[in-house]
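Novice: everything below, folded, please.
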Amino acid sequence: MIKQSKLKKSRALQRQRRHLRIRNKVQGTADRPRLVVFRSLKNIEGQLVDDDTGQTVLGLSTLTSDLREFDAETSNPRVERAFAAGKLLAAKAKVQGIESVVFDRGGYRFHGRVKAFADGAREGGLQF
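Specialist: This next block holds a predicted model:
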């Protein structure tokens, strides 16, 4: 185990600490999986995870072939692409019969691309 004083030294370790704190409260099941968000500088990824079996049910990134050709219409293309990725993930989850999820923001603030991803998933038909 890493000492907490060591975890405060870098931003990545601070995010990891926040994510572990969130993970203690959020649990995904087979009928209501956990929607995990990972945000890099340019892209965003989302996964539906069943924590009972420890398997990823469905995963999607802005690097997938469906979203690689996405053209943004506003001045903030990464937020638009995150919204489209959330909507596409919700559509793929609906095909598999998943309608409600538990949202795990991954230690990030709930604004910007993370919020756009969640809003896209809600608009696509997932319930949090």
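Novice: got the contact list for the closest residue to residue 59 other than its chain neighbours?
Specialist: Closest residue to residue 59 apart from its sequence neighbours, by CB to CB, 6 or more residues apart in numbering: residue 47 at 4.4 Å. From N, CA and C alone the C-beta is placed, and that goes for glycine too. Taking CB atoms under 8 Å, 6 or more residues apart in numbering as the contact definition, residue 47 lies against 35, 36, 38, 56, 57, 58, 59, 60.
Novice: residues near residue 12, how many?
Specialist: 10 (other CB atoms under 10 Å).
Novice: just residue 124 next, same as before
Specialist: 18.
Novice: can you tell me how far the spatially closest residue to it that is not a sequence neighbour sits from residue 27?
Specialist: Distance criterion CB to CB, 6+ apart; nearest residue to residue 124, sequence neighbours excluded, is residue 90 at 2.6 Å. As for residue 90, its distance to residue 27 is 21 Å (criterion: CB to CB, to the nearest Å).
Novice: same question for residue 116.
Specialist: Distance, residue 116 to residue 27, using CB to CB: 25 Å.
Novice: show me where this protein has helices.
Specialist: For the chain, the helices defined by DSSP state H cover 4-7, 11-23, 65-68, 77-95, 113-123.
Novice: quick revisit: thought the residue nearest to residue 124 was touching residue 125?
Specialist: Yes. Residue 90 lies in contact with residue 125 (CB atoms under 8 Å); the separation is 5.2 Å.
Novice: neighbour-wise, which of these two wins?
Specialist: residue 90 (24 against 14).
Novice: residue ranges with poor pLDDT in this structure?
Specialist: The chain contains residues with pLDDT under 70 at 1-8.
Novice: centroid-nearest residue for it?
Specialist: Per CA atoms, centre = their mean, the C-alpha nearest to the average position across the chain is that of residue 37, at 2.0 Å.
Novice: burial measure for residue 76, as a count.
Specialist: 12.
Novice: on that earlier part again, so which of the contacts of residue 47 belong to strands?
Specialist: Using DSSP state E, 35, 36, 38, 56, 57, 58, 59, 60 are the members of these that sit in strands.
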